[in-house]
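J.: Quick check, what structure comes out for this input:
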Amino acid sequence: MDKERRLVEITAPHVGICWLTPNPDSPPFVEVGDTVTPTWREVADEEPRATVALVECSKLYSDVDHKGPLGKVVEIRVKNGDHVETDDVIMIIAVDPDAKAPPKPTIEEILRGLKQSSEAVQRQLDQM
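T.: Below is the predicted model of the structure:
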C-alpha cells in the first residue's frame with residue numbers, strides 16, 4: 001500500500017514573470033509526473049535544492065527551488081511567461097514523508113568532485 005505523500009507548495013520568491021524553462025529553446029525544468037531530486041550545489045547551502053522554475057523581475061532572474069527530499073511534480077499552476085506575485089503557488093510537489101534529503105558532502109568530497117570536473121575540462125581542451 002502506498003504511503004501518504006506530503007504536498008509541498010513551491011512559491012514565487014517575488015513579483016515577476018515565471019519561466020518554466022531555462023531559456024526559450026530549452027525544455028521545461030520539470031513537468032507533471034517528473035521526479036525532482038535535490039542536490040547540494042554550493043558549500044553554503046543549508047539544504048539540498050533543485051531549480052524547478054525562474055522568476056524574472058527587471059532582467060534579474062531568481063531560481064525557484066524545491067528544497068529537501070526528492071518528490072514528484074503533481075501540479076503546475078502557471079504557464080511559461082505568466083506574471084506571478086510574491087508567494088503565488090507555482091507548482092505542487094508530492095514528497096514521501098519518509099524520504100530523507102541526501103547527506104551534505106564533506107569538504108573532501110567537494111574538492112574531489114571539483115578536481116574531477118577540472119580534469120574532464122582539461123581533457124576536452126586537450127582534444128581541441
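
J.: can you give me the helices for the chain?
T.: 107-127 (DSSP state H).

J.: residue ranges with poor pLDDT in it?
T.: Within the chain, the segments meeting pLDDT under 70 span 1-4, 41-45, 101.

J.: Distance from the chain centre to stretch 81-96, please.
T.: Stretch 81-96 sits 13 Å away from the centroid of its parent chain (C-alpha atoms, centre = their mean, to the nearest Å).

J.: Kindly apply the preceding question to stretch 64-77 instead.
T.: 8 Å.

J.: Same question for stretch 77-89.
T.: Centroid separation for stretch 77-89 versus its chain: 16 Å, with C-alpha atoms, centre = their mean.

J.: ditto for stretch 88-105
T.: Averaged C-alpha coordinates place stretch 88-105 at 10 Å from its chain's average position (C-alpha atoms, centre = their mean).

J.: Mind exporting the C-alpha coordinates of that stretch to CSV?
T.: Output in CSV follows, covering the C-alpha atoms of stretch 88-105 (Å, rounded to 0.1, in the frame of the first residue of the first chain):
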residue,chain,number,x,y,z
ASP,A,88,1.9,32.6,-5.5
VAL,A,89,1.9,28.9,-5.8
ILE,A,90,3.8,27.9,-8.9
MET,A,91,3.7,24.1,-8.5
ILE,A,92,3.0,21.4,-6.1
ILE,A,93,5.4,18.5,-5.3
ALA,A,94,4.4,15.3,-3.5
VAL,A,95,7.2,14.2,-1.1
ASP,A,96,7.3,10.8,0.6
PRO,A,97,7.1,11.6,4.3
ASP,A,98,9.8,9.0,5.0
ALA,A,99,12.1,10.4,2.3
LYS,A,100,15.4,11.8,3.5
ALA,A,101,17.4,14.5,1.9
PRO,A,102,20.8,13.4,0.7
PRO,A,103,23.6,13.9,3.2
LYS,A,104,25.7,17.1,2.8
PRO,A,105,29.0,16.2,1.2
